[in-house]
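Asks: coordinates for the following, if possible.
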Amino acid sequence: MTTPPVIIVGGGPAGLATAACLKQRGVDSIVLDKGEAVGQSWRDRYERLHLHTPRIQSHLPGFRIPREAGQWVSKDRFADYLVDYADHFGIEPRHGVTVARIERAGDEWVVLTSEDELRSKVVVMATGYNGTPIVPAWPGREDFPSELVHASDYSDATPYVDRDVLVVGTGNTGAEIAADLAESGARTVWLSVRTPPNIVPRSLGGVPISIIGIGNEYTPPAIGDPLTLGATKALYRDLREHGMPMPEMGAISQHREHDRIPIIDVGLVEQLRAGRVTPVAAVEAFDGAEVVLADGERISPDAVIAATGYRTGLPGLVGHLGILDDKGRPMHHRHHTHPDAPGMYFVGLSNRFIGLLNTIRIDAKKTAEAIARELA
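Replies: Residues are numbered from 1 along each chain as shown. Predicted structure coming up:
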């Protein structure tokens, strides 16, 4: 079989969107995906999950999400949409294929996979922003006798009913899992807070906050930070009475300096105000069955769920090329290539205020345009 001129690594939204945009420009590609089916990674996520951006902001290029999916699309309905998207554009990923490493050979890329070796002029890395789960190497972690899992292993609250659970991390995943546990019968839910988060409602005056916040992508911190801090304190100042500290840094600076986006509230605030989620300090260490917190407090949870983020998974694939930063993220992305890696593009690997799926839609189009020009 002749390899198409473009190899796309990753068959999630970014990979499918890029393949579709290339096809619309007459460029063939092959999509390699380690999963067993289109949409599998979305079906495997926790049951409560719905998109945090509305349907109109979440579709991929050239094919909209059906209206009957609702404004806030469930993770299973979005997985169905990805299947329909691939069918609509005639995209047939090669499933069950793991990419081990990508090398440069002359003016070609050599993609080493679990099945064979492929060569092409262009490679698109679309492996996903949430590639490899991170569980911090807390001292004493290995001797903790109770359950310790990453949030990627969380499905629903059923195993945690009538149990004391510590959720570590105040990103959107940690906030939503804590709310889910509190709503579904966990006896105690602690939420470990290292960096006080900015919190925003999912909608304001009936308008999705992700639409209102589009301008934050381009707003200078000197202007945007006072506005976002003022909004958080105006809406949620009372949360201090329930143990949740107010942020000292505005949402713009938190995003640009620490790659953190605000919590979009889909239940956490209600549970904090009801006293069913208790904020605690950052985790410092484990001591037998106890968790030692930064303020010296000790708690004894029956289970710990680490919502402590992900790495991109790129270092093992392309880290040797010298094109990643110290966090394993590409130095050049969207429709640009690194001078040391001509013909290698990255799509879906940036975390922006406009939302990941919205970002993918924009970047896939621009990347496909750049590739079509390059191959022409």
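
Asks: would you map the strands across the stretch 251-376 of the chain?
Replies: With DSSP state E, counting those that start in this stretch as the criterion, the stretch 251-376 of the chain has strands at 263-265, 278-280, 283-287, 290-293, 298-299, 303-306, 310-311, 344-346.

Asks: burial count for Val123?
Replies: 27 (other Cβ atoms under 10 Å). From N, CA and C alone the C-beta is placed, and that goes for glycine too.

Asks: how would you label it: helix, strand or coil?
Replies: Put simply, Val123 is strand when judged by DSSP: H, G, I helix; E, B strand; the rest coil.

Asks: re earlier: what's the closest of the strands of the stretch 251-376 of the chain to Gly185?
Replies: Gly185 lies closest, by Cβ to Cβ, to one member of these: strand 303-306, at 13.6 Å.

Asks: the closest one packs against which elements?
Replies: Here strand 303-306 touches strand 147-150, strand 164-168, going by 3 or more Cβ pairs under 8 Å, 6 or more residues apart in numbering; DSSP states H and E.

Asks: deepest-packed of the strands of the stretch 251-376 of the chain, please.
Replies: Most buried of the strands of the stretch 251-376 of the chain, by mean neighbour count (mean count of other Cβ atoms under 10 Å): strand 344-346, with a mean of 26.

Asks: list the helices and strands that one packs on?
Replies: Packing partners of strand 344-346 (3+ Cβ pairs under 8 Å, 6+ apart): strand 122-125, helix 356-375.

Asks: for the protein, just list every one of the helices.
Replies: Assigned by DSSP state H, the helices in the chain fall at 13-24, 40-43, 55-58, 75-89, 172-183, 209-212, 221-236, 251-258, 268-273, 315-318, 356-375.

Asks: what about the first one, distance to the chain center?
Replies: Computed by Cα atoms, centre = their mean, to the nearest Å, the separation of helix 13-24 from the middle of its chain amounts to 19 Å.

Asks: hmm, who's touching that helix?
Replies: Applying Cβ atoms under 8 Å, 6 or more residues apart in numbering, the contact partners of helix 13-24 are 6, 8-9, 28-29, 31, 33, 38, 60-63, 82, 85-86, 88-91, 93, 124, 126, 128, 347-349, 357, 360-361, 363-365, 367-369, 371-372.

Asks: now that we have those residues, which of them are buried?
Replies: Buried members of the contacts of helix 13-24, scored by 16 or more other Cβ atoms under 10 Å, are 6, 8-9, 29, 31, 33, 38, 60-63, 82, 85-86, 89, 91, 93, 124, 126, 128, 347-349, 357, 360-361, 363-365, 367-368, 371-372.
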